[in-house]
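**Q** Quick one: sequence plus predicted model below, questions after.
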Amino acid sequence: MPSQPPARRIKPPALHPGDSIGIVAPASSFKRDEFEAGCEALRRMGYTPVFNESIFAHDLYFAGSAARRARELEEMFSREDVSAILCARGGYGSNYLLPELNLTKMSAHPKIFMGYSDNTTLLTYLSDAASLITFHGPMLARDFARTDGIDLHSWQSALGDADNWRLDLRSDSGAKPLAPVSAEDILYGGCLSMLVASLGTPYEIQTAGTILFIEDVATKPYQIDRMLMHLKLAGKLTGVRGIIFGEMLDCVQTANQGYTLEEVIMRIVGKLGVPVAYGLRSGHVSRQNITLPLGLRTRLTVSSSEVWLDFLESAVKALIIMACHPESL
């Protein structure tokens, strides 16, 4: 694994209406009705969902064996008729795939790969080891299966070749400034539990020189504290340029606990001298899941009252169509 995130990232081709999206299940199994609802939502958006029948396999709580799940993911990267790859859900089990995957084969066919939760393991691995831009965002049998589950602005901007676009985390976004200042570097991160689980393995996260995004769900404040301290003691907060937390849905001890999660967080990261914000709605969220391109150069601006996240380049490559002149035939 590299000692730090590579400076040059491989961008996948942009996604357009009419394209096919490959559906994979790298971790847990899922409910068939939610899967079908997600596929119908993709069709309404103008995409064609593509999947193998083996995706409905069960092995304990997994979506089939690790070998099945790894081959499925590799195949979707290789298929010429698939333009992007979307995870069905998270749960648990993507760590089983890490020693099984052929990175050379996958990076030879860069594609949009999107998920969150347990799939953070794959997002950071492909980012660190294969230098791919990856996407932390909505999943099929979760967000696409629900009304108001997708933030369309970020989906279209991240996947459709938008250049220099902004997430304005004001108004009703729920975002809060915690440490006002600004910073610029690549965006990186995902589910806190998965980030910490990588430590001490050959797939350990590489956080130096990043705007670190951290989110989780239904995790008590003392557990958040413990995991953040683990990152700090492991040196993973050293060299971080900025930190932005997710919605942190249901991360409470009790309804009347007498302290906020923001207070817990700032005890650990408040003296790092970097911008800190809270409430970015990506991953485990209550509504409108925001798509975040990981590995992309980003500016985090935290004022005393507002938060902005500016993406300073396109996350994908535009399709270039070469004109064919009759005299060249």
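**A** That came through fine. Since the structure is predicted, the reported quantities are computational estimates derived from the model, not experimental observations. Numbers count the residues shown, from 1 in each chain.

**Q** Other residues contacting the one helix or strand A158 maps to?
**A** A158 is part of helix 152-159 when elements are defined by DSSP states H and E. Residues outside helix 152-159 that contact it (Cβ atoms under 8 Å, 6 or more residues apart in numbering): 14-15, 84, 112, 135, 137-138, 162, 165, 167, 290-293, 311, 315-316. Glycine gets a C-beta too; all of them are placed from N, C-alpha and C.

**Q** tell me which strands and helices the following helix or strand past that helix is in contact with?
**A** Where DSSP H and E defines the elements, the next helix or strand beyond helix 152-159 is strand 165-168. In terms of contacts (3 or more Cβ pairs under 8 Å, 6 or more residues apart in numbering; DSSP states H and E), strand 165-168 is packed against strand 307-311.

**Q** could you check the angle helix 152-159 makes with the strand it packs on?
**A** Between strand 307-311 and helix 152-159, the angle comes out at 30 degrees (axes from the mean of the first three to the mean of the last three Cα atoms, to 10 degrees).

**Q** how about the nearest residue to P13, chain neighbours excluded?
**A** Once flanking residues are discounted, P13 sits nearest to K317: 5.3 Å by Cβ to Cβ, 6 or more residues apart in numbering.

**Q** Count the residues that sit near I55.
**A** Look at I55: counted by other Cβ atoms under 10 Å, it has 18 neighbours.

**Q** does it sit in a helix, a strand or a coil?
**A** Using DSSP: H, G, I helix; E, B strand; the rest coil, the structure places I55 in helix.

**Q** Pull the contacting residues for the residue nearest to P13.
**A** Counting by Cβ under 8 Å, 6+ apart, the residues that K317 touches are 11-14, 161.

**Q** Can I get the helix or strand where M229 lies as CSV, trimmed to CA atoms?
**A** Per DSSP H and E: M229 is located in helix 221-233. Extracted in CSV, the C-alpha atoms of helix 221-233 (Å, rounded to 0.1, in the frame of the first residue of the first chain):
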residue,chain,number,x,y,z
PRO,A,221,-21.1,9.1,21.6
TYR,A,222,-18.5,7.2,23.8
GLN,A,223,-18.0,4.8,20.9
ILE,A,224,-17.5,7.7,18.5
ASP,A,225,-15.0,9.1,21.0
ARG,A,226,-13.2,5.8,21.3
MET,A,227,-12.9,5.4,17.5
LEU,A,228,-11.7,9.0,17.0
MET,A,229,-9.1,8.6,19.7
HIS,A,230,-8.0,5.4,18.0
LEU,A,231,-7.5,7.3,14.8
LYS,A,232,-5.6,10.0,16.7
LEU,A,233,-3.4,7.6,18.5
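
**Q** elements contacting the helix or strand following that helix?
**A** Per DSSP H and E, the first helix or strand lying C-terminal to helix 221-233 is strand 242-246. On a contact count with 3+ Cβ pairs under 8 Å, 6+ apart, strand 242-246 meets strand 181-191, strand 210-215, strand 276-280, strand 297-302.

**Q** returning to what we had before: let me see the mean pLDDT of the helix holding M229.
**A** The average pLDDT for helix 221-233 rounds to 98.

**Q** Would you mark the buried spots in that helix?
**A** Neighbour-count burial for helix 221-233 flags 221, 224, 227-228, 231 (criterion: 16 or more other Cβ atoms under 10 Å).

**Q** Cool, thanks, talk later.
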